[in-house]
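S.K.: this one's structure only:
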């Protein structure tokens, strides 16, 4: 047995070995009992920093140090002790170690009382503890309970904290113990699981001891789970509704497209069919909003005329604020089309408008006016639609301009929510190959400019000629009306169309048909054999045949629910004949 180690560990003197940074490498039982066993560095127990610095300077000169110092013991009491420090060689390293002995000089002068230990335990307990008399007057509370029992008028009565009914339940009956959940309002609402215990003290009055366990986070989490379950149920309803409604809209738009292909502006019924298509597009917008709520906010690009879009949204913008806001338009062009997701453009519009109006918060004498500017320009060799939103509010300080696109950054002050703000608009613009710029001057105003790729093509080739073809298309969908309309549409563009109502029927058609299938357009969710199963079949029998997957569900929903593993060529319903024909030509050409 190593006798040196035995006497080290069992010595009644507190001993420890330190490195040159006074980190404790090893300590004996006496040291751990006196000063606690969770100290990582000896400096944590020195009460006087000057004592330590003087001791360290002498020790590092190579001298042995013996000094009376003041330390904090495990109960945070200050004790005087004789401390001896000396440098010792380390056989395992070139760096020397420090050997320290600490002997208390007043160990018998302060006997420890059991009542004192109990008091220290209660006062430092992490959960709130409150003790009151039978009238509710608070006699004791620990550190954790101080924020509960105190307010601007001083100490509360216990009835203010737990309610009269609970206080009477334990003071006016034989009940001596029970638990309950209470809400304590202290700036914010906190929920506690409280245990009430009547304490009978012989020879004295009885008391009520209350221990509080904070369950605010637990209850908030429970409420979130309940809300999430409700939303999850609602999501299923919305998914089914949007899918079915998308099928109907696709049919309506399809028949309108067929009619408009053979009509020109001024012809009889041209305006009527145009209005039918416009109404269907408005319905598509409503579906997009439902999809956003349902977290299916996948971009669904469509052709949007920015000037028309802004004019149509004037009433919406004016309804955002109760106060009078003047909206001005400065359009350099009568029409400016972009390919964009309707909901995303709405998000940009409302976000920039809100920022512009909020910039007037400290400028009451100024007329609150927001100007929308639209133009077509060339920038960096490409054609863009420039959309600018201008205010003459308070402006942004120069030092803040470089931070305005950072998430959670705001110049509006703490009374406004800090969210994604301009950073989300910046992200949408970048995602669509656009750009965003900001110009601002304090007390003069701010202009945010968005440059979106223009969708006004210079190619005057007629639609029918550009998107026509003579290939064979297999169109698979369980909706009879959709099969009829798209067979008619694609046939009018020159395609040879074969139809099937599900994957099983489509597989039979492919086996029987003598002509080669050049491309397949298939719904995803169908009876018997769905799109995913049919895709696996095609991969085996005709792996080079391109497939377009169409669905009223979003691409994210399909992927999340593992309905389809590979769905690169995805077309979300409702779609127009032009969108379908463009997709076909992109794959075949």
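M.R.: That came in fine, so what should we check first? In this text, all values refer to a predicted model and were calculated from it rather than measured experimentally.

S.K.: I'd like to know how far residue 503 sits from residue 13.
M.R.: The gap separating residue 503 from residue 13 is 86 Å, by C-beta to C-beta, to the nearest Å. Every C-beta, even on glycine, is put in place using the N, C-alpha and C of the backbone.

S.K.: now do residue 395
M.R.: 71 Å.

S.K.: Over to residue 269?
M.R.: From residue 269 over to residue 13 (counting by C-beta to C-beta), the distance is 107 Å.

S.K.: So for these two, which sits in the more crowded spot?
M.R.: Just comparing residue 269 and residue 13: by other C-beta atoms under 10 Å the higher neighbour count belongs to residue 13, 16 against 11.

S.K.: who are the neighbours in contact with the more buried one?
M.R.: Taking C-beta atoms under 8 Å, 6 or more residues apart in numbering, we find residue 13 in contact with 30, 101-103.

S.K.: now, which of those residues lie within helices?
M.R.: For the contacts of residue 13, the ones inside helices are residue 30, with DSSP state H as the criterion.

S.K.: Dump the contacts of residue 13 into TSV; add distance to residue 487 as well.
M.R.: Formatted as TSV, the contacts of residue 13 follow (distance: C-beta to C-beta, whole Å):
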residue	distance to residue 487
30	94
101	98
102	95
103	100
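
S.K.: In TSV: the contacts of residue 13, plus neighbour count, pLDDT and distance to residue 256.
M.R.: Formatted as TSV, the contacts of residue 13 follow (neighbours: other C-beta atoms under 10 Å; pLDDT from 0 to 100; distance: C-beta to C-beta, whole Å):
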residue	neighbour count	pLDDT	distance to residue 256
30	18	85	92
101	17	87	96
102	22	86	92
103	14	82	98
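
S.K.: from the contacts of residue 13, which single one is nearest residue 143?
M.R.: residue 102 (29.4 Å; C-beta to C-beta).

S.K.: measure that closest one to residue 11 for me?
M.R.: 11 Å.

S.K.: shaky segments in the stretch 1-150 of the chain?
M.R.: 1-7, 91-93, 105-120 (pLDDT under 70).

S.K.: Which residue ranges of the stretch 351-500 of the chain form strands?
M.R.: Counting by DSSP state E, counting those that start in this stretch, the stretch 351-500 of the chain has these strands, from start to end: 369-379, 382-391, 435-441, 445-453, 472-476, 496-500.

S.K.: Tabulate those in a markdown table, adding columns for distance to residue 332.
M.R.: Listed next are these as a markdown table, based on distance: least, C-beta to C-beta, whole Å:
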| stretch | distance to residue 332 |
| --- | --- |
| strand 369-379 | 4 |
| strand 382-391 | 9 |
| strand 435-441 | 17 |
| strand 445-453 | 13 |
| strand 472-476 | 43 |
| strand 496-500 | 44 |
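
S.K.: out of those strands, nearest to residue 89?
M.R.: Per C-beta to C-beta, nearest to residue 89 of the strands of the stretch 351-500 of the chain: strand 435-441, 66.4 Å.

S.K.: For the closest one, name the packing helices and strands.
M.R.: Packing partners of strand 435-441 (3 or more C-beta pairs under 8 Å, 6 or more residues apart in numbering; DSSP states H and E): helix 422-431, strand 445-453.

S.K.: What pairs with that strand, parallel or antiparallel?
M.R.: Sheet pairing of strand 435-441 (DSSP bridges) gives strand 445-453 (antiparallel).

S.K.: Would you mind listing the buried residues in the partner strand?
M.R.: Buried positions in strand 445-453, judged by neighbour count with 16 or more other C-beta atoms under 10 Å: 445-448, 450-452.

S.K.: Out of these, which comes closest to residue 246?
M.R.: residue 452 (26.1 Å).

S.K.: Following element in sequence after the worst-scoring helix or strand of the chain on mean pLDDT, please.
M.R.: Among the helices and strands of the chain, helix 555-560 carries the lowest confidence by mean pLDDT, DSSP states H and E, at a mean of 57. The helix or strand immediately downstream of helix 555-560 is strand 570-572, counting by DSSP states H and E.

S.K.: Show me how this structure divides into domains.
M.R.: Here the domain parsing of the chain from automatic domain parsing is 3-104, 114-214, 299-458, 463-588.

S.K.: With distance to residue 257 as extra columns, can I get those in a markdown table?
M.R.: As requested, those are exported to a markdown table (distance: least, C-beta to C-beta, whole Å):
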| stretch | distance to residue 257 |
| --- | --- |
| domain 3-104 | 75 |
| domain 114-214 | 56 |
| domain 299-458 | 13 |
| domain 463-588 | 4 |
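
S.K.: Quick one, which of those domains gets closest to residue 223.
M.R.: Closest among these, using C-beta to C-beta: domain 114-214, at 10.3 Å.

S.K.: Can you say which of the strands of the stretch 351-500 of the chain is packed in most?
M.R.: strand 472-476 (a mean of 22; mean count of other C-beta atoms under 10 Å).

S.K.: what lines up beside that one in the sheet?
M.R.: Assessed with DSSP bridges, strand 472-476 is paired to strand 496-500 (parallel), strand 519-523 (parallel).

S.K.: buried stuff in the last one?
M.R.: Spelled out, that is strand 519-523. Buried residues in strand 519-523 (16+ other C-beta under 10 Å): 519-523.

S.K.: how about TSV for those residues, with distance to residue 383 added?
M.R.: Listed next are the buried residues of strand 519-523 as TSV, based on distance: C-beta to C-beta, whole Å:
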residue	distance to residue 383
519	31
520	35
521	31
522	36
523	36
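
S.K.: Which of the residues you listed sits closest to residue 588?
M.R.: Using C-beta to C-beta, those come closest to residue 588 at residue 519, 6.1 Å.
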